[in-house]
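>>> Got a sequence here, can you build the structure:
(2 chains)
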Amino acid sequence: MSEIKDCSFPENGLEVVVEIKNLAHVANAQTQVLSIARKLCFSEIDAHKAATSASELASNLVHHTLIGGTIRIRELRKEGYVGIEIVSNDSGPGIMDVEQVLQDGYSTGPGLGSGLPSIRRMMDELEISVIDNTNTCITTRLWCPCE
Amino acid sequence: MQIPILKLKNILLTSIQSDMTDDDALKYQSDVVSYLEKSDAKGLIIDITAMDIVDSFMARVINETARMARLMGAKVVLCGMQPMVALTLVEMGRELIGVETALNLDKGFDKLLEMITEGVDDH
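Take a look at the predicted model:
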């Protein structure tokens, strides 16, 4: 697990925001993550882990929110590492039990109930913040060593 | 988006893509089962060569389709899984795909014919 403290978003770093309203937009989020991860010299497997995680977050936005939300993909830096950050943001209805959604097999929608637990296994960091059930923000990061 | 279902001898061939919506998935599944009923097809090939990313939603669609087809008495083979998809599915930590698999369409076709003639239980 990496330290979050000393990381920064470089000036002119890569950044894309993808609006997610339906499942057709999910593929867009996947493509954007793949392309950014490849530009940042992530290995193919790591690029696919990040893209699959973005895909899980995006399809959660379609299946579990009232009006969809956004996926923001950003380049991150910290000493010796380059990172990719994927942030899913929506305006409700929030998550009833944050501990429970991180358990395998728990789902209130059409998924397998393995989306968030899979992200936790594939990525280095995962944070979930729910404010008043009107602002849900899920942040996940993957790091890759670089010179 | 309509997903074509092709019949080749007694086998149904389908190829699915990542940009599938809930409605597409439902339509695809009902097309597959009704085609299985109408035709005398004994097997179904689900080809995922075009899928660079398989998330848990798509994995569920594939699993469900295979189970539906099996309930209709057909043998099912999944083929064309990209190496990166296999790696991430394992990394995701679940046996998301509970289906017989083959490297590509060619091998999938052979495997399915074998399963049909030998009456192998593919579950």
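>>> hmm, who's touching stretch A:17-29?
For stretch A:17-29, contacts defined as CB atoms under 8 Å, 6 or more residues apart in numbering or on different chains pick out A:32, A:54-55, A:57-59, A:61-62, A:67-73, B:18-22, B:55, B:57. All C-beta atoms are positioned from the backbone trio N, CA, C, and that covers glycine.
>>> what element comes up after the helix-or-strand element of chain A with minimal mean pLDDT heading to the C-terminus?
Scoring the helices and strands of chain A by mean pLDDT, DSSP states H and E places helix A:98-101 at the bottom, with a mean of 87. The helix or strand immediately downstream of helix A:98-101 is helix A:115-122, counting by DSSP states H and E.
>>> which residues sit against stretch B:70-80?
Here stretch B:70-80 has contacts from B:12, B:15, B:33, B:36-37, B:41-50, B:62, B:66, B:69, B:97, B:99-105, B:107-108, B:111-112, B:115-116, B:120, B:122-123, using CB under 8 Å, 6+ apart.
>>> Show the contacting residues for the residue nearest the centre of chain A.
For chain A, residue A:86 is the residue whose C-alpha lies nearest the centre (CA atoms, centre = their mean; 3.7 Å). Shown in contact with residue A:86 (CB under 8 Å, 6+ apart): A:33, A:50, A:53-54, A:57, A:71-73, A:139-141.
>>> 6 Å instead, please
Residues in contact with residue A:86 (CB atoms under 6 Å, 6 or more residues apart in numbering or on different chains) are A:54, A:73, A:140.
>>> Give me the subset of these lying in helices.
Taking DSSP state H as the definition of helices, the contacts of residue A:86 contribute residue A:54.
>>> before we move on, back to that, which residues are contacting the least confident helix or strand of chain A?
A:95, A:106, A:116, A:128.
>>> distance of the residue nearest to the spatial centre of chain B from chain A?
Geometric centre of chain B, nearest residue: residue B:46, 2.7 Å, by CA atoms, centre = their mean. Distance of residue B:46 to chain A, computed by CB to the nearest CB, to the nearest Å: 17 Å.
>>> Same question for residue B:20.
From residue B:20 to chain A the distance is 7 Å (CB to the nearest CB).
>>> Up against chain A, what does chain B have?
By CB under 6 Å from any CB of the partner chain, the residues of chain B that approach chain A are B:18-19, B:21, B:53, B:55-57, B:60, B:84, B:87-88, B:91-94.
>>> contacting residues around the residue lying farthest from the centre of chain B?
The outermost residue of chain B, judged against the average C-alpha position, is residue B:91 (21.2 Å), by CA atoms, centre = their mean. Counting by CB under 6 Å, 6+ apart, residue B:91 touches residue A:122.
>>> make it 8 Å
A:49, A:118, A:121-122.
>>> For chain B, tell me which of those residues show up nearby.
With CB under 8 Å from any CB of the partner chain as the criterion, the contacts of residue B:91 include A:49, A:118, A:121-122 near chain B.
>>> Make JSON lines out of those and add pLDDT.
Listed next are those as JSON lines, based on pLDDT from 0 to 100:
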{"residue": "A:49", "pLDDT": "95"}
{"residue": "A:118", "pLDDT": "90"}
{"residue": "A:121", "pLDDT": "91"}
{"residue": "A:122", "pLDDT": "93"}
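>>> quick revisit: for ChimeraX, what selects the buried ones among the contacts of helix A:98-101?
Buried residues among the contacts of helix A:98-101 (16 or more other CB atoms under 10 Å in any protein chain shown), as a ChimeraX selection:
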select /A:95,116,128
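>>> Tell me the one of the contacts of helix A:98-101 nearest residue A:80?
Of all those, residue A:80 sits closest to residue A:128, with 27.3 Å by CB to CB.
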